[in-house]
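**Q** predicted coordinates and the sequence they were generated for:
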Amino acid sequence: MAWNVFKFCTALRGLGSIMILLVLGVVGVTYYAVVLTNYGPALYAGGLDSLVALAVLILFHSLVSF
């Protein structure tokens, strides 16, 4: 009797889909916590705080886009 090891690929594909949704959820929560609550209002404050907030936002968006 031959063993079919590829029958487990369906379960692994489902697990992979769940993991992708989990990663997207973590990125979404991180985006909300970092960008909207901390650095969003700092952009409007002006001065050095605005420059630091802009640098963090550019870094965060460049890392998320890759």
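**A** Looks like it arrived, so ask away. Residues are numbered from 1 along each chain as shown.
**Q** can you give me the helices in the protein?
**A** Using DSSP state H, the helices of the chain run over residues 9-31, 40-45, 47-65.
**Q** I'd like those as TSV, with mean neighbour count appended.
**A** All C-beta atoms are positioned from the backbone trio N, CA, C, and that covers glycine. Output for those, formatted as TSV (neighbours: other CB atoms under 10 Å):
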stretch	mean neighbour count
helix 9-31	10
helix 40-45	13
helix 47-65	12
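**Q** which residue is nearest the centroid of the chain?
**A** Closest to where the C-alpha atoms of the chain average out (CA atoms, centre = their mean) is Val27, at 2.3 Å.
**Q** where does this structure have low pLDDT?
**A** Low-confidence segments of the chain (pLDDT under 70): 1, 66.
**Q** can you do 80?
**A** 1-2, 4-8, 34-36, 64-66 (pLDDT under 80).
**Q** got the end-to-end distance for stretch 36-45?
**A** 14 Å (CA to CA, to the nearest Å).
**Q** contacts for that stretch next, please.
**A** Asp49, Ser50, Val52, Ala53, Leu54, Val56, Leu57 (CB atoms under 8 Å, 6 or more residues apart in numbering).
**Q** would you turn those residues into TSV with distance to Thr10?
**A** TSV is the format used below for these (distance: CB to CB, whole Å):
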residue	distance to Thr10
Asp49	51
Ser50	51
Val52	48
Ala53	46
Leu54	46
Val56	42
Leu57	41
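**Q** out of those, flag the one nearest to Ala33.
**A** Among those, Val56 lies closest to Ala33 (CB to CB), at 12.4 Å.
**Q** what's the local residue count around the closest residue to the closest one other than its chain neighbours?
**A** Nearest residue to Val56, sequence neighbours excluded (CB to CB, 6 or more residues apart in numbering): Tyr39, at 5.5 Å. A count of nearby residues for Tyr39, using other CB atoms under 10 Å, gives 18.
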